[in-house]
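# Just a sequence and a predicted model for now, questions to come.
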Amino acid sequence: MKVKLINYTPHAVPMTANLTRNTRCAIPTTKWEFNILDDDIKFIKALIKAGHLGILEHTQFTFHVADISRVTSHQLVRHRLASFLQQSGRHCEVRGYVIPKSIEQNKTALINFKCHMEKSKYLYDHMVEVGIPKEDARYILPDADYTHIAITMNARELRDFFQKRISKHAQWEIREMATQMFDIAVNTYPCMFEDLYEVLNFPCKEN
Ligand SMILES: Cc1cc2nc3c(=O)[nH]c(=O)nc-3n(C[C@H](O)[C@H](O)[C@H](O)COP(=O)(O)OP(=O)(O)OC[C@H]3O[C@@H](n4cnc5c(N)ncnc54)[C@H](O)[C@@H]3O)c2cc1C
């Protein structure tokens, strides 16, 4: 799995603090400063604590995630407030697949799994060779196959996503992906995410 931050809103801390302060002014400000002050950080943390989470919707992150299974991308795209651009199965060939640890650790299961994956790839290639369009040949492909996807979420949606998908109730692969995204997000704008350390447990780090 490869998780990469492609882009994010610059100056998000002073921008968010100033936009919020501006809601409390009778006359809107005309001066927009982009220097981070200690006050901005404290202000944002206090607003998050108070549940004023709408302030986080003005900060966006765009990630690209490669070499995840279609099992995980199905789970990911259920998060409706995010925007996605996923590898097209109508145009691209299959490149590899994810092997869950439980299968990897069981010799017989691993042999059967690999045999099934290779057979499905063989059938797929054969169908394409005889002229079946890729968009139809793909119907036989397993969910373990690799896909890649771009994800844009605002910081509020990201917090919600982290709480659901880093949770020990989530599956290991999306948990690993969400944990890597969290590490990136909290390092980019600590004041928007670091309170989540207290509410999240990080099962993938223990594994
Ligand atoms: C451990 C786990 C197990 C799961 N198992 C299953 C399963 O067996 N079957 C299954 O179908 N799904 C399952 N899901 C998916 C789950 O039901 C959600 O679809 C998914 O987590 C996306 O969450 P969301 O809808 O809160 O996120 P988003 O769509 O990103 O929405 C974010 C938030 O916006 C608000 N919101 C968005 N749309 C609406 C709306 N229409 N009405 C009201 N409020 C809205 C809600 O507050 C929501 O939490 C599972 C998820 C997890 C984490």
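Received the coordinates, thanks.

# CA only for contacts and neighbour counts going forward, please
Will do.

# And the helix or strand harbouring residue 158, what does it pack against?
Remark: residue 158 resides in helix 155-165, with elements defined by DSSP states H and E. Here helix 155-165 touches helix 172-188, helix 196-199, going by 3 or more Cα pairs under 8 Å, 6 or more residues apart in numbering; DSSP states H and E.

# For the ones you listed, give me TSV that also has distance to residue 11 and mean pLDDT.
Compiled in TSV, those are given as follows (distance: least, Cα to Cα, whole Å; pLDDT from 0 to 100):
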stretch	distance to residue 11	mean pLDDT
helix 172-188	11	97
helix 196-199	21	91
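
# So residue 151: helix, strand or coil?
Recorded secondary structure, residue 151: strand (DSSP: H, G, I helix; E, B strand; the rest coil).

# Tell me the secondary structure of the residue nearest to it when sequence neighbours are not counted, please.
Leaving aside its chain neighbours, residue 151 sits nearest to residue 84 (4.8 Å; criterion: Cα to Cα, 6 or more residues apart in numbering). Assigned with three-state DSSP, residue 84 falls in the strand class.

# Does residue 84 touch residue 78 like I think?
No: Residue 84 lies out of contact with residue 78 (Cα atoms under 8 Å); the separation is 10.6 Å.

# tell me which parts of this structure are close to the ligand?
With Cα under 6 Å from any ligand atom as the criterion, the chain comes near the ligand at residues 78-81, 164-165, 169-170.

# hmm, back to that, who's more crowded, residue 84 and residue 78?
Of the pair residue 84 and residue 78, residue 84 is the one with more neighbours under other Cα atoms under 10 Å, namely 17 against 9.

# can you pull out the helices in the chain?
Per DSSP state H, the chain carries helices over the ranges 12-22, 38-49, 70-76, 101-104, 107-129, 134-137, 155-165, 172-188, 190-193, 196-199, 203-206.

# Check which residues of the fourth one are buried.
This points to helix 101-104. Taking 16 or more other Cα atoms under 10 Å as the neighbour-count basis, helix 101-104 is seen to contain no buried residue.

# for the fifth one, same thing?
Using 16+ other Cα under 10 Å as the burial criterion, the residues of helix 107-129 that qualify are 110, 117, 120-121, 123-125, 127-128.

# Equivalent analysis for stretch 72-79, please.
For stretch 72-79, by 16+ other Cα under 10 Å, it's 72-73, 76.

# just how off-centre is it within its chain?
Its chain's average C-alpha position is 9 Å from that of stretch 72-79, according to Cα atoms, centre = their mean, to the nearest Å.

# Now do it: everything it contacts.
84, 147, 149, 161, 173-174 (Cα atoms under 8 Å, 6 or more residues apart in numbering).

# what does stretch 174-194 give?
Counting by Cα under 8 Å, 6+ apart, 1, 3, 5, 12-13, 41-42, 44-45, 48, 56, 63, 72, 75-76, 155, 159, 161-162, 165-168, 202, 204 sit against stretch 174-194.
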